[in-house]
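[1] just coords:
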């Protein structure tokens, strides 16, 4: 059942918009501000694909839970008594109250605050007082939500038949992620910001570093500018060759040490993603203001603090950077046609001691600053594309190729959803 | 004329929704969040029925007025020079300015702030400067609104032909209410809260105490749990019988003393209502934290502080508790599809002296706390029913029978309005 | 391209509304609150007519710019290297970011904050890094917006074919405005307020002083009440004759001194306007609390501080008062169906020294107070016309004739736009 039984927008104008899509150019304005497109995005993108929502390290013990709102759907993610991570609709089967209101917590069973209907951690209704004879609790279990746990990264899918290619992604990505042992991490910090912009502007911003040089002084200290995909120029040929050598050497060293590093680009698959381990500049250890490790205790199997950064991007809503000393992971969650929640989590080894092994301020400084800089860019873009003069502009084939892979994927998946209804 | 001449939603999907209604179950989700259903609620429920808006004790003197917003309609209720209570649209007949902006006040005549068009307390235009020859003031009186004064409880109806069965309600209820002499009361306190939930969630919450035990520690001190309508259980048979004996004894005593007490249930009538005098637990005097009277000066003809509580519920938007020492009265007013104003007023005898006969804090403590508890429950319900997983759940036939009488009434009246257009 | 490709409201109900328009009466309610009418207002009124946005004195030097939002269109107005004032859509041709975010500033070139695409002050793209071979910067100039500079008052038009009669207005008005030398002024103060009302309520309020006597104690000190257009009454005949004599004498004196003064009323033209120099009461010098000049340094060619006030009103969104010592100028900019920005600017001679020649508080006191008084009136009107009881009321033929000229113009221009599509 669609959310709004009463008013379902016609798909025809949306199909036309999609058909007009001009390759190599940004999207037309309604994709960024139309409430109807936003409803379609929720229905065909966010309800039909695997959505990154958090890490298993947020719920280490049985009964630990976290909540997330996916569109208007309140979702509950918990660790059950057998240590498995499960997801449910956070909605009581009685009169629909949310079960768990907080962002996270810990429970024995799930007790609805309204009338104390009680569910165990497998979602089974185990108590409902005063009901009629013949009331069958087994017909009133919590509604489950599909969940995949990729080495500690949690993806959920609200569709009845979730895309199956997630398994291929998990198979290919596990060797890249496993050495960092996310399950042995703890969340050292988490920050939510709301960007007054469409979620696709947030994602497009994430998919290029064309804007980094002028906007991200803290972040660019650790990044090689050549990784941004500059247009080829004669005077930069030597510098580029140097960089490519650094990458090749690093990859050789890391692969030899058991860290898969080569680029995987599956961005156009249904469960699209891309990953690559990249060298960091200067000390080469971490995305910090001095590029040194932010945490003295290294993660999992990592022995060399200068192991670069494994970046992992997924369609439609996440990106992650795995370094030797910490992990920073991002989920973009649409709130309305023109607002988006960006949740950033910083993970360190669970045995690292704050104030001894790491300082939260130092750990988080680069991305706190970068997020705020990006928020301004996203918001200025929203203001501009809302104007009647905006027309799709040309992407740089060098620095914005991955932006185009995002918009291509989006257009293709939205069209697919509209076809299939 | 409907509010929005430009866009009137089709009634067809709403009729379908109503036809799908499953007896014994809560309503489908669009009833709780669809803006179109909300417009229908304003048109067919709030504009076509008698709506409780306040008490005559708020406007004791000629020229005293109070204002209320019913949907987008600003309404003015005043006491005229003959001490009658009248209601008008609070809209100047010139260029439409509101006449009275404040929540309440006192005037000689009604002077529009914009161009000083002036109306007397019967709504007659008595001054309008600079108008053309031939301008006829008698064609520009304030538009009256139907009003009924039930022993001091004020009900208005915006319909051109208000439901006539209000007179039966008034006839049957007067003997129950009259002994409390609302007209000899004053408003000791009034609190408005906004619940981020659909008005029907507010009303459903009001129509059961299934949720009370776990949520209302202050309120339940004075309530007999057996009055909540528990499912019959062998181990509670003795307790239930005791409670029924207390009710029977109390009713006999009160009726003998001139206080009608027996249940009246006319909830399914057009002007639906229910009333009953119920014993209170412990000291049995009042809905206070220690169940003792909050005000030393008793109301009207009441002589025994332990006269229990006369509760009176009306469709679609009010509930009231009349005790020997004070009255607490509630109006729920819809603000938007997902927000509702709840106005609570506490009345004591007009001669009672604050600080001597009563303390406002003690008088209001139970319901201030209870309202905030209910707000949370309503808001959690709104968040849950907004999710795509919500499906109507089963009501308890024991504890939620009156909730179903509310939703049944609503569905029946909305259907009736749609039929009649 | 209309803003919302996906949902364009049908024009039919709007045409019906227009056809029902009753001369001599205020507009029907949907004109004041319907979101569909608001979209039509943006499209057919604000995008098709000349809109007042500010004064050239705000941007005295090359590279100075100011920004304004016209509906959802971010607009950039700047002074180029040749001292000409130009307007552009404030939208980068790359991915649509706003170029300039602040309310005003000064630049050498226009550099987009996102990817540093750079435009010169004529709008030409002069730098865009990393683009594909064959990318032609000359196809990516900023989109210009038509602008007219009427002796320092800046009007823009978003239409592709702006109304041509603006040139007649400029020809007729130049002699009235020129003596004040706006280009030799500076902005001494500027205040934005948001009125929670439809922009037409703001304009109707501006077009009559029927409401002044009771609402504007500060403003009316300097105004002759006879100028409000009172209904003729025998007892006021002498007073009116006196006033008319004052006007005639003043006009004769001013015209002789080179100040055109006679009324021009072209309110029903496409680029409608009205102007008149009117005597001020008491000291007769300025709209101040004591009616004396607020600034010792007089403007331009003005020699006599008691030169009255030249008022200039334009359809659909501005009014201006030019006195010997200062100018106060107002732009009303629609924000939503029920909110409007009113920007007020006070100008004095650019060589006047704050604290010596003028005090900002004294200069601005009358209109700061008056604006807040009008905001309340507009907001009360909005609340009233939102009610179902509101019906168009009769205008006074004496005091509201100019209000009707505004609504007539509006109805006529909206109808014209709907006809032409």
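    Received the coordinates, thanks. In this text, all values refer to a predicted model and were calculated from it rather than measured experimentally.

[2] near chain B, which residues of chain A?
    A:1-7, A:47, A:72-74, A:89-99, A:101, A:113-116, A:129-132, A:135, A:140, A:143, A:158 (Cβ under 8 Å from any Cβ of the partner chain). Placement of C-beta: from N, CA and C, glycine included.

[3] now, of these, which are buried?
    Buried by 16 or more other Cβ atoms under 10 Å in any protein chain shown: A:3-7, A:47, A:72-74, A:89-99, A:113-116, A:129-131, A:140, A:143, A:158, out of the residues of chain A next to chain B.

[4] same for chain C: which of those are within range?
    Checking these against chain C (Cβ under 8 Å from any Cβ), there are no matches.

[5] among those, which ones are in strands?
    Mapping those onto strands (DSSP state E) picks out A:73-74, A:89.

[6] which residue sits closest to the closest residue to chain B within the stretch 51-200 of chain A, ignoring its sequence neighbours?
    Across the stretch 51-200 of chain A, the shortest distance to chain B (Cβ to the nearest Cβ) belongs to residue A:89, at 3.4 Å. Once flanking residues are discounted, residue A:89 sits nearest to residue B:389: 3.4 Å by Cβ to Cβ, 6 or more residues apart in numbering or on different chains.

[7] burial of that neighbour, as a residue count?
    When neighbours are counted by other Cβ atoms under 10 Å in any protein chain shown, residue B:389 registers 22.

[8] report pLDDT for it.
    Residue B:389 is assigned a pLDDT of 96 by the prediction.

[9] quick check: it vs residue A:72, distance?
    Residue B:389 sits 10 Å away from residue A:72, going by Cβ to Cβ, to the nearest Å.

[10] ok now do the residue of the stretch 51-200 of chain A closest to chain B, which residues does it touch?
    A:73-76, A:142-145, B:387-390 (Cβ atoms under 8 Å, 6 or more residues apart in numbering or on different chains).

[11] can you check residue A:360 too?
    Here residue A:360 is in contact with A:188-189, A:346, A:354 (Cβ under 8 Å, 6+ apart).

[12] quick one: the strands in the stretch 151-300 of chain A?
    Taking DSSP state E, counting those that start in this stretch as the criterion, the stretch 151-300 of chain A contains strands spanning A:153-157, A:185-195, A:264-265, A:273-278.

[13] list the contacts of the second one.
    Surrounding strand A:185-195, the residues in contact under the criterion Cβ under 8 Å, 6+ apart are A:55, A:57-58, A:60, A:152, A:201-202, A:295, A:299, A:326-327, A:335, A:339-350, A:352, A:354, A:358, A:360, A:363-364, A:368, A:371-372, A:374-375, A:378-379.

[14] can you select the buried ones from the residues you listed in ChimeraX?
    In ChimeraX syntax, the buried subset of the contacts of strand A:185-195 is picked out as below (16+ other Cβ under 10 Å):
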select /A:55,57,58,60,152,201,202,295,299,326,327,335,339,340,341,342,343,344,345,346,347,348,349,350,352,358,363,364,368,371,374,375,378,379
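
[15] among the contacts of strand A:185-195, which are located in helices?
    A:201-202, A:360, A:363-364, A:368, A:371-372, A:374-375, A:378-379 (DSSP state H).

[16] tell me where the model's unsure across the stretch 201-350 of chain A.
    Within the stretch 201-350 of chain A, not a single segment meets pLDDT under 70.

[17] coming back round to it: looking at the contacts of residue A:360, which is nearest residue C:25?
    residue A:189 (62.6 Å; Cβ to Cβ).

[18] outline the domain layout of chain A.
    A:50-158, A:174-418 (automatic domain parsing).

[19] now for the ones you listed, which one comes closest to residue C:209?
    Here domain A:174-418 is closest among these (Cβ to Cβ), at 36.6 Å.

[20] need phi/psi at the residue sitting nearest the centre point of chain A.
    Geometric centre of chain A, nearest residue: residue A:318, 2.1 Å, by Cα atoms, centre = their mean. Here is the backbone geometry of residue A:318 (degrees, to the nearest 10): phi -140, psi 160.

[21] do you know how far it is from residue A:79?
    Distance from residue A:318 to residue A:79, by Cβ to Cβ: 21 Å.

[22] same thing with residue A:140?
    23 Å.

[23] so residue A:261 is in contact with residue A:250, correct?
    Yes. Between residue A:261 and residue A:250 there is a contact under Cβ atoms under 8 Å: 7.1 Å.

[24] mutual contacts of these two, please.
    A:277, A:308.

[25] please, where are all the helices along the stretch 51-200 of chain A?
    Assigned by DSSP state H, counting those that start in this stretch, the helices in the stretch 51-200 of chain A fall at A:166-177, A:199-206.

[26] remind me what the shortest one packs against, helices and strands.
    With contacts defined as 3 or more Cβ pairs under 8 Å, 6 or more residues apart in numbering or on different chains; DSSP states H and E, helix A:199-206 has these neighbours: helix A:30-33, strand A:327-336, strand A:339-349, helix A:360-385, helix A:401-420.

[27] can the third one be said to contact chain C?
    Going back to what we said before, that points to strand A:339-349. No. Using Cβ under 8 Å from any Cβ, strand A:339-349 never reaches chain C; the gap is at least 15.8 Å.

[28] mind checking how far that strand is from the chain centre?
    A distance of 9 Å separates the centroid of the chain from that of strand A:339-349, by Cα atoms, centre = their mean, to the nearest Å.
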